[in-house]
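Asker: please find the sequence and the predicted model below.
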Amino acid sequence: MLRLRVKDLNLDRCQITVRFGKGNKDRVTVLPDKLRDSLRAHRDRLLRLHEEDRAAGLAGVWLPEVLERKCPGAGKDWA
């Protein structure tokens, strides 16, 4: 859960994508229904913070140098 990304959650289908799991593979698994509402509220709060940061012109998240060159601006993207 420490490296969970917004795009890894599908709250409508109650699915979560686990990246780099056993065997270094990505897997889709069931998201417990009782976590859906709290994760949705957390995601919505983070989206508001993200939008406030963008409006204030703050820098995005840190990206490795190679990724920053390959996808400029990805550190400011919500997903």
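Answerer: Nice, thanks for sending it over.

Asker: the longest helix that the chain contains: which residues count as buried?
Answerer: What stands out as the longest helix in the chain, according to DSSP state H, is helix 33-56. In terms of neighbour count (16 or more other Cβ atoms under 10 Å), helix 33-56 has its buried residues at residue 50. To be clear about C-beta, it is placed using only N, CA and C from the backbone, and glycine gets the same treatment.

Asker: ok, residues contacting that helix?
Answerer: 6, 9, 11, 14, 31, 60, 76, 78 (Cβ atoms under 8 Å, 6 or more residues apart in numbering).

Asker: 7 Å instead?
Answerer: By Cβ atoms under 7 Å, 6 or more residues apart in numbering, the surrounding residues in contact with helix 33-56 are 6, 9, 11, 14, 76, 78.

Asker: redo those as TSV? Include secondary structure.
Answerer: Output for those, formatted as TSV (DSSP: H, G, I helix; E, B strand; the rest coil):
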residue	secondary structure
6	helix
9	strand
11	coil
14	coil
76	helix
78	coil
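
Asker: please dump these into a markdown table; it should also carry neighbour count for every row.
Answerer: Below are the contacts of helix 33-56 laid out as a markdown table (neighbours: other Cβ atoms under 10 Å):
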| residue | neighbour count |
| --- | --- |
| 6 | 12 |
| 9 | 20 |
| 11 | 14 |
| 14 | 14 |
| 76 | 14 |
| 78 | 11 |
